[in-house]
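>>> coordinates only, sequence not included:
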């Protein structure tokens, strides 16, 4: 994400990428979207919401607690956007 807009311009041409960015920005403003509305959510926040739902709706709640506690050792209070797929796999 560059400048608050999600997605890729799918070009290596810097001038074209800038033009695409500006067009997307104008489009967002026309539709009343804030460019910086992306929430910065931590792993711990998602962990708590997941376990709440698991406790209410899943028979595997006990197993979910064990698995999520294991992940918490690695990810703790990190932002989700900072956790890479490779880190999850490892």
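Arrived safely. Please read all numbers here as calculations on a predicted model, not as lab measurements. Residues are numbered from 1 along each chain as shown.

>>> Any regions of this structure where pLDDT drops low?
For the chain, residues meeting the criterion pLDDT under 70 lie at 1-7, 9, 32-38.

>>> mind giving me the domain split of it?
1-38, 43-89 (automatic domain parsing).

>>> In JSON lines, list the ones you listed along with mean neighbour count.
(Glycine included, C-beta is placed from N, CA and C.) Below are the domains of the chain laid out as JSON lines (neighbours: other CB atoms under 10 Å):
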{"stretch": "domain 1-38", "mean neighbour count": "11"}
{"stretch": "domain 43-89", "mean neighbour count": "12"}
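
>>> ok, longest helix in this protein?
If you go by DSSP state H, the chain has its longest helix at helix 14-30.

>>> Report the next helix or strand after it in sequence order.
helix 43-57 (DSSP states H and E).

>>> The most centrally placed residue in the chain in helix, strand or coil?
With distances taken as CA atoms, centre = their mean, residue 81 lies nearest the centre of the chain, 4.6 Å away. Using DSSP: H, G, I helix; E, B strand; the rest coil, the secondary structure recorded for residue 81 is helix.

>>> Return the residues in contact with it.
40, 41 (CB atoms under 8 Å, 6 or more residues apart in numbering).

>>> how close does it get to residue 41?
Distance, residue 81 to residue 41, using CB to CB, to the nearest Å: 8 Å.

>>> Now do the shared contacts for these two.
What both residue 81 and residue 41 touch, as defined by CB under 8 Å, 6+ apart, is an empty set.

>>> wait, residue 68 sits on residue 46?
No - using CB atoms under 8 Å, residue 68 is not in contact with residue 46; the gap is 9.3 Å.

>>> got the contact list for residue 74?
Here residue 74 is in contact with residue 87 (CB under 8 Å, 6+ apart).

>>> helix or strand for it, which one?
Going by DSSP H and E, residue 74 is part of helix 61-75.

>>> Now do that helix against helix 43-57, angle only.
Orientation note: helix 61-75 sits at an angle of 180 degrees relative to helix 43-57 (axes from the mean of the first three to the mean of the last three CA atoms, to 10 degrees).
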